[in-house]
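>>> below: sequence and its predicted model.
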Amino acid sequence: MFNEKWLNVDNNLELLKMSITLATDGGSINKSSQKSYSSFNINMNLYLNLVVKELLDLNQSIKITTNNGISFILQLRLINFIMDLVVCASVLDLNGHNGFYGWIARNWNEIKLNYGLLQNKLITNFKGIQKFTVLAGLPYFNWSTQISTDLLHNFCEGLGKKILNYIYENYKNNIYLINNNIKKLKIPSFFHRNLRGLDQLTYYKAIEYYITFRYAVIAYKDCISTLHYNIILRISKFLQNIMEIQINTLDNEKLLQKESFEILQQIKEHFGLYILILASHYFLHFANSMYNLGPLFITSCFALEDIIGIITRSVRGGKNNLERKAIELFTLNQLITFNKFRSTVYNVNKNDYYYLSDEVYFIIKLKKTKNSKQITVLRILNNEIITLNDLPNNLIPCIKYDELFIKVGFNDKFLL
């Protein structure tokens, strides 16, 4: 879709430059059978060749004419590719993601030399690389800086998961206290999921790890050592920074990179080296990824996983008409997601707490009719009950813990 307001139209054709982001993931369509449509390995190059060919054409510029007769020249480039590490190994033709990245850190100079030889077709492969990735066909695309790090896999289901597993295994006598503290948390309906107790850690979803480290580390206070608590508190402040700021200078990038390095050093020393798996290493690259590709709440896999989840839950009948069904569901999801991301208003519901003008309110009742809306709220400051005809647009949901109220970050909207 092209918006004519973007164009400065005169007698000459204007050049409109656009960048796009691609995303991909794997998953079984038929959950009831191991012999499902997607149970075998997919040759990613089969699809990527078509994508790269089209991107090469778009990079050469094409003429576009709108329905209103306005013509312009479009030049389009791929700026970012979002994927998890397993898919990344397939896309880049690596010999497995875990072993390769452990080796890449120790042999970077050798890799740069060999990759140059591979690109010039002087060699066909080398250790860690099966063959030349199709993405290298894009002359402007750099696989080492334009494949973004991912908040969901590289932290929530990586480092964050490892730390909570450590706490569960080493503070078993305090699990009851931790769970009681977690029950005190009142999570707003905005998140669509309550935080489960630590005894349910096996069933945690990525958003629960995010809520824990972003807002709920206070539930662990006095239940784990002061040293461990201060480390996860530091992680919480780090997450707040990467969710609220845009890194646009090298100085800011270096400061955030220094902070991430020091956090990993503390984790290595006081939680144990085994926690620092491959996904943990990517914690170091958050700052660089933000500098090159933008904020992590835009480049994370949360939205991608949401779309794939909707498609896989909705497709029935195995592989019959799979492509048509998937396209229809994806198109519908695009419309819903586009509308959600454009909205600047939070969704709140009955029993939610929210901030307004630095005061906290509690929604007692929310009644909607065809022509009107009536909201009954409690003003916490003076225990006054107020009736409103509508909720203000500038309200901010908050998480309640005892008498403490924690504001939800605006950019969390992009994760849900």
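Structure received. Numbers count the residues shown, from 1 in each chain.

>>> confirm that Tyr354 sits in a strand.
Yes - under DSSP: H, G, I helix; E, B strand; the rest coil, Tyr354 falls within a strand.

>>> tally of neighbours for Gln266?
16 (other CB atoms under 10 Å). C-betas here are computed from N, CA, C, even on glycine.

>>> OK, contacts around the residue lying closest to it once chain neighbours are set aside?
For Gln266, ignoring the flanking residues on the chain, the nearest one in space by CB to CB, 6 or more residues apart in numbering is Ile231 at 5.1 Å. Ile231 sits next to Ile263, Gln266, Ile267, His270, Phe271 when contact means CB atoms under 8 Å, 6 or more residues apart in numbering.

>>> likewise for Tyr204?
Applying CB under 8 Å, 6+ apart, the residues contacting Tyr204 are Lys161, Leu164, Arg196.

>>> do I have it right that the second one meets Ile211?
Translated: Leu164. No - using CB atoms under 8 Å, Leu164 is not in contact with Ile211, being 11.8 Å away.

>>> looking at the two, which is more packed in?
Using other CB under 10 Å, the more surrounded residue of Leu164 and Ile211 is Ile211, with 22 against 19.

>>> mind pulling up the pLDDT for the more buried one?
In this model, Ile211 is scored at 95, pLDDT.

>>> and for Phe362?
Looking at Phe362, its pLDDT stands at 90.

>>> from here on, count from 58
Understood, numbering begins at 58; the last thing we discussed is Phe419.

>>> count of neighbours near it?
Neighbours of Phe419 (other CB under 10 Å): 17.

>>> which SS class is it?
From three-state DSSP, the assignment for Phe419 is strand.

>>> and for Lys120?
Per three-state DSSP, the secondary structure class of Lys120 is strand.

>>> wouldn't it be in contact with Ile127 here?
No - between Lys120 and Ile127 there is no contact under CB under 8 Å: 11.4 Å.

>>> more neighbours: these two, which one.
Neighbour tally, Lys120 and Ile127, criterion other CB under 10 Å: the higher count belongs to Ile127, 14 against 9.

>>> could I have the CA atoms of the helix or strand hosting the residue nearest to Gln323 written out in CSV?
Element membership of Ile288, judged by DSSP states H and E, is helix 283-301. Output in CSV follows, covering the C-alpha atoms of helix 283-301 (Å, rounded to 0.1, in the frame of the first residue of the first chain):
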residue,chain,number,x,y,z
THR,A,283,21.1,-10.3,48.0
LEU,A,284,23.9,-10.9,45.4
HIS,A,285,21.6,-12.9,43.1
TYR,A,286,18.7,-10.4,43.6
ASN,A,287,20.9,-7.4,42.7
ILE,A,288,22.0,-9.2,39.5
ILE,A,289,18.4,-9.9,38.3
LEU,A,290,17.5,-6.3,39.3
ARG,A,291,20.3,-5.0,37.1
ILE,A,292,18.9,-7.2,34.2
SER,A,293,15.5,-5.6,34.8
LYS,A,294,17.0,-2.1,34.5
PHE,A,295,18.8,-3.2,31.4
LEU,A,296,15.6,-4.5,29.8
GLN,A,297,13.9,-1.2,30.7
ASN,A,298,16.6,0.7,28.9
ILE,A,299,16.5,-1.4,25.7
MET,A,300,12.7,-1.2,25.6
GLU,A,301,12.5,2.5,26.1
